[in-house]
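1. next input, structure requested:
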Amino acid sequence: MSSLAHAVRTITCRDDLSFTCRTADERQILINWMPVRVSPQPSQWNLEYRLGEAMADEVRTLHAADEEAAFEAIQFAITSQTWSTRGYGAESGFAAAVAALAVIGMRALQAGAAPFVSEGIIED
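-> Coordinates of the predicted model:
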């Protein structure tokens with residue numbers, strides 16, 4: 001077992017995700033993408049990439065508690081003003097892990113699974 005074993009945390013809502021936080025003012029607005037950054041060093045990008053993958057695993061854990069919250073965590077993270085499109089490792093690792101989950105979802109749809117419909121989407 002690695003000396004860097006992860007502490008077990010309960011994840012039942014978006015506030016429990018390591019990449020979200022609240023503003024310090026009285027409004028306490030949820031910031032949907034504020035990942036921890038690795039300080040400049042050799043392998044910085046690779047370390048952040050692994051962190052991004054781990055953040056996607058957090059969303060998988062959240063899914064077990066609240067499917068809608070897991071959907072929103074992904075949607076709002078990648079559309080957040082704080083999401084970087086400059087190729088940071090955390091964003092790249094998170095995006096790759098979510099893309100892998102999407103492929104699994106497409107396989108499930110081909111096998112007859114029901115599609116996900118967000119409660120926030122208004123249908124005609």
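2. how about the strands in this structure?
-> Per DSSP state E, the chain has strands spanning 21-22, 30-31. These are given in chain order.
3. tell me which of the ones you listed sits most buried.
-> strand 30-31 (a mean of 16; mean count of other Cβ atoms under 10 Å). Every residue, glycine included, has its C-beta placed from N, CA and C.
4. which elements pack onto that strand?
-> Here strand 30-31 touches strand 21-22, going by 3 or more Cβ pairs under 8 Å, 6 or more residues apart in numbering; DSSP states H and E.
5. run me through the strand neighbours of the strand it packs on, direction for each.
-> Partner strands for strand 21-22, per DSSP bridges, with pairing direction: strand 30-31 (antiparallel).
6. so which of the strands of the chain is nearest A114?
-> In terms of Cβ to Cβ, the element of the strands of the chain nearest to A114 is strand 30-31, at 28.8 Å.
7. ok so, going back, just put the strands of the chain in JSON lines and tack on distance to E119 and mean pLDDT.
-> Output for the strands of the chain, formatted as JSON lines (distance: least, Cβ to Cβ, whole Å; pLDDT from 0 to 100):
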{"stretch": "strand 21-22", "distance to E119": "23", "mean pLDDT": "97"}
{"stretch": "strand 30-31", "distance to E119": "17", "mean pLDDT": "97"}
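8. M106: which of those is closest?
-> Using Cβ to Cβ, the nearest of these to M106 is strand 30-31, at 29.4 Å.
9. where does this protein have low pLDDT?
-> Per-residue confidence for the chain (pLDDT under 70) gives these ranges: 1-8, 122-124.
10. can I get the strands of the chain in JSON lines with distance to A70?
-> Rendered in JSON lines, the data for these read as follows (distance: least, Cβ to Cβ, whole Å):
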{"stretch": "strand 21-22", "distance to A70": "18"}
{"stretch": "strand 30-31", "distance to A70": "15"}
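11. for A102, which of the ones you listed is the nearest?
-> With respect to A102, and counting by Cβ to Cβ, the nearest of the strands of the chain is strand 30-31 at 23.8 Å.
12. isn't Y49 up against A90?
-> Yes. The criterion here is Cβ atoms under 8 Å, and Y49 meets it with A90 at 7.3 Å.
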